[in-house]
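Visitor: Fold the following.
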Amino acid sequence: MSDSSPNDAVLKLSESHHDWEAIASCELFQGVQPTLLKDLIQKCSIQVFPAGSSITEPGQENHTLYILLSGHLMVYLAEREDAVLNPDMGFRIPVGECIGEMSIIENMPVSAYVVAATECRLLSIPESIFWDELMSWPEVVKSLLTGLSSRMRRLDKVAIKTLEERLRFEQIERDLKAAAQIQSNILPQEKPLLAQYPQIDVAASIEPAREVGGDFFDTFPIDENTVGLAIGDVSGKGIPAALFMIRAVTILRASIARLNIQDENLASIFSSINRQLCESNINCLFVTIFFGILDVKTGKLTYVHGGHNRPFLKRVNETPQMIPIPDGMLLGIFEEAEYELAELTLNSGDLLVMYTDGVTEARDRDGQFFMEERVINILDELPTAIASTDIVGILGNRVKHFTQQMPQSDDITIMTLRYHGSPSTAATNVTPETF
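Guide: Numbering: from 1, shown residues only. The predicted model follows:
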């Protein structure tokens, strides 16, 4: 393409009768009163583009509506800014049609090359006039929509497919961003988590592999001495997994509320959650969940396991280990599944690390997994007094370093809890390593 610059000239009707006739005959302005149209175009200009020059290119910002008054314009769709023009993918813009309206309406960069096949004269209408004046005229709005529809019908099969795919992709991208925001908002937002309980230090993070995913974590203030902690991983990726994740979190929260109201056993509540997730599950999605209830005064942790990864427990001055887990299959597949409870007691300074398989199953360039052993080694190196937020960051960064910038294949979710114990316990159990 040529780098030739257009020649600008302010339109004078008395000197440009041919241009006025071309403008007045444009489909876009049909039905508009001539006096209004003449007032409008006095605020615009004529631009002349030499043959071979480009009017727009992918990635550029555009704030002008162009109307072709004479010449021959070609539009070439492109998937990226540096795409090579493919003559088979182009289509012609006839005299009287406009270009640039989509980028103005969507407030997005240009997505196509528009090239002057011959010398072209174009009426240039600034974006401010487009919105303030043109869009206030019903005749213009109708003509604009009609013109867009007509242009779509004139595209050849390849161009239609390309454009449809791009528009579909852009819509999906917008939907994914909205879904990601909804998904993020449903999870706990406060930092630090459960700050009203000084006996514990809790932090968590999610790094989705896509815009939305199926991992989640949650925290539940149950009463003044009891909190709930949950982490889960939905099968699959994308929107279906995200929707099932939202459903799982909603059911989980509603069910845990019955602990105080109906004094139900945690295992029976988990069975009820599983049955609800099995209902209308036509896509056969499932979710793994680890859920624990911690008495912050005594350190007693009662937990139930639904097919999830075993958490790590790092006791003070001991090697990290994976905690024993009770029987319990993943949720959402088998309605009659039953769950069992297990218990352990946290001492002052103990660290509990929960995670999803995106951590241990992260791969490097050679296809090697991160594995549980690396997590144990990392936790074993940590100083006793390190905050939960720092632990989450260190572990996440180690995973990223291990993968060597390989594309992330799964969501990575980490939640840590450091138990300080009651104020009196914490004061008596401090060791020199804590300082």
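Visitor: mind giving me the domain ranges of this protein?
Guide: Listed by automatic domain parsing, the domain ranges of the chain are 7-167, 178-434.
Visitor: Worst mean pLDDT among those domains?
Guide: Across the domains of the chain, domain 7-167 has the smallest mean pLDDT, namely a mean of 78.
Visitor: roughly how far out does it sit from the chain middle?
Guide: Put simply, domain 7-167 sits 33 Å off its chain's centre (Cα atoms, centre = their mean, to the nearest Å).
Visitor: One more: stretch 331-340?
Guide: Computed by Cα atoms, centre = their mean, the chain-centroid distance of stretch 331-340 equals 31 Å.
Visitor: for it, how far is the first residue from the last?
Guide: The first residue of stretch 331-340 is 14 Å away from its last residue (Cα to Cα, to the nearest Å).
Visitor: same check, this time on stretch 355-365
Guide: Stretch 355-365 end-to-end distance (Cα to Cα) = 22 Å.
Visitor: now it: how far from the chain's centre is it?
Guide: Remark: stretch 355-365 is offset 20 Å from the chain centroid, using Cα atoms, centre = their mean.
Visitor: Run through who's touching that stretch.
Guide: 207, 209, 215, 231-233, 308-309, 311-312, 369-372, 375, 395, 399, 402-404, 406, 408-415 (Cβ atoms under 8 Å, 6 or more residues apart in numbering). Backbone N, C-alpha and C define where each C-beta goes, glycine included.
Visitor: out of those residues, which are inside helices?
Guide: Those of these mapping onto helices are 371, 372, 375, 395, 399, 402, 403, per DSSP state H.
Visitor: Greatest separation within those residues: which pair is it?
Guide: 372 and 403 (16.3 Å; Cβ to Cβ).
Visitor: In CSV: the domains of the chain, plus mean neighbour count.
Guide: Formatted as CSV, the domains of the chain follow (neighbours: other Cβ atoms under 10 Å):
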stretch, mean neighbour count
domain 7-167, 16
domain 178-434, 18
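Visitor: Verify the contact between residue 95 and residue 21 for me.
Guide: No: Residue 95 is beyond contact range of residue 21, at 11.5 Å (criterion: Cβ atoms under 8 Å).
Visitor: Mutual contacts of these two, please.
Guide: Counting by Cβ under 8 Å, 6+ apart, nothing touches both residue 95 and residue 21.
Visitor: bridging residues for residue 115?
Guide: residue 54, residue 74 (DSSP bridges).
Visitor: Is it in contact with residue 71, as I believe?
Guide: No: Residue 115 is beyond contact range of residue 71, at 11.0 Å (criterion: Cβ under 8 Å).
Visitor: Now do the most centrally placed residue in the chain against residue 392, distance only.
Guide: Nearest to the mean C-alpha position of the chain, by Cα atoms, centre = their mean, lies residue 211 at 3.0 Å. To residue 392, residue 211 is 21 Å away according to Cβ to Cβ, to the nearest Å.
Visitor: I'd say residue 22 and residue 69 touch.
Guide: Yes: assessed by Cβ under 8 Å, residue 22 is found in contact with residue 69 at 4.2 Å.
Visitor: Are there residues contacting both of those two? Which ones?
Guide: Taking Cβ under 8 Å, 6+ apart as the contact rule, residue 22 and residue 69 both touch 95, 96.
Visitor: elements contacting the strand or helix carrying residue 125?
Guide: Element membership for residue 125, per DSSP states H and E: strand 120-126. Strand 120-126 is packed against helix 17-24, strand 45-49, strand 64-70, with contacts defined by 3 or more Cβ pairs under 8 Å, 6 or more residues apart in numbering; DSSP states H and E.
Visitor: I'd like the ones you listed laid out as TSV, including distance to residue 359.
Guide: TSV is the format used below for these (distance: least, Cβ to Cβ, whole Å):
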stretch	distance to residue 359
helix 17-24	64
strand 45-49	56
strand 64-70	50
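Visitor: I'd assumed residue 270 was in contact with residue 291.
Guide: Yes: under the criterion of Cβ under 8 Å, residue 291 makes contact with residue 270 at 7.1 Å.
Visitor: shared neighbours of these two, which are they?
Guide: Taking Cβ under 8 Å, 6+ apart as the contact rule, residue 291 and residue 270 both touch 304, 306.
Visitor: Tell me where the stretch 151-300 of the chain has helices.
Guide: Here the stretch 151-300 of the chain has its helices, by DSSP state H, counting those that start in this stretch, at 157-186, 238-256, 258-261, 266-278.
Visitor: Which one of the ones in helices among the contacts of stretch 355-365 is nearest to residue 342?
Guide: residue 372 (18.9 Å).
Visitor: Now do the contacts for that closest one.
Guide: Residue 372 is in contact with 312, 322, 360, counting by Cβ under 8 Å, 6+ apart.
Visitor: I'd like to know which of these are part of strands.
Guide: Taking DSSP state E as the definition of strands, the contacts of residue 372 contribute 312, 322.
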